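Colleague: Sequence plus the predicted model coming up.
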Amino acid sequence: MIKEISKYIPTNSIDLVGEILVKNPISIKVVNQRATKHGDFKVLRNGKTQITINNNLNKYQFLLTLIHEIAHFETFRKSRRVKPHGIEWKRNFQYLMLPFLQPTIFPNSLLPYLANYLKNPKASTGSDVNLSRALLYYSETSTNNYIFELEVGTLFNYKNKTYKLGKKRRTRFECLEIKSKKLYLFNQNAEIEIIKNKM
């Protein structure tokens, strides 16, 4: 399995990932980009398990997502009746990620954000604005514009639709889709394309 995914992860992480996959034999599929998630872990109808990861992630996002999902597999294997991102998953994720926190694998600029995130990892790296922004810096397709940086009233494009930024609700922003007039909630670190300044 490591041969199929080696081109998606940092070169110096290949051996470590290979060791993990020997202990955790699981099917891994690289799939086209999905808007709502970077990866997932699922138990198939035949009882086998599978991880899918988006093909548009940069190598650091891909590695982090891969270990995130392997931690789900490890948690499922040990104890099937636990919360998806509960304490058992957090501990498995932290344990699996620790050997990768080195400058030969992740750039020094990312390591402090990763270390901070791993103190209490959440269901998505998207919940950590600073880590998400640091990771997106290494994405070739990144526009480097984020919802949380905008002023209320700013118009922006997201997936070929135009929205107007509204007020913030805890960790998400209300955004009005201009054409349908429907209100949507956006993650605070959603990457968008600004088309006009505040009017």
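Modeller: Received it, and whenever you're ready, just let me know what you need.

Colleague: what about the chain, any weak spots by pLDDT?
Modeller: Within the chain, the ranges that satisfy pLDDT under 70 run 35, 141-144, 196-199.

Colleague: For this structure, which segments count as helices?
Modeller: All helices of the chain, identified by DSSP state H, fall at 2-5, 14-23, 59-78, 87-97, 111-117, 129-136.

Colleague: Ranking those by mean neighbour count, which comes first?
Modeller: Highest mean neighbour count of those: helix 59-78, a mean of 22 (counted as mean count of other CB atoms under 10 Å). (Glycine included, C-beta is placed from N, CA and C.)

Colleague: Okay, angle between that one and helix 87-97 too, please.
Modeller: Computed with axes from the mean of the first three to the mean of the last three CA atoms, to 10 degrees, the direction of helix 59-78 lies at 130 degrees from that of helix 87-97.

Colleague: Helix 59-78 packs against which elements?
Modeller: helix 14-23, strand 39-43, strand 49-54, helix 87-97, helix 129-136 (3 or more CB pairs under 8 Å, 6 or more residues apart in numbering; DSSP states H and E).

Colleague: Please repeat the previous calculation with a cut-off of 10 Å.
Modeller: Here helix 59-78 touches helix 2-5, helix 14-23, strand 27-31, strand 39-43, strand 49-54, helix 87-97, helix 111-117, helix 129-136, going by 3 or more CB pairs under 10 Å, 6 or more residues apart in numbering; DSSP states H and E.
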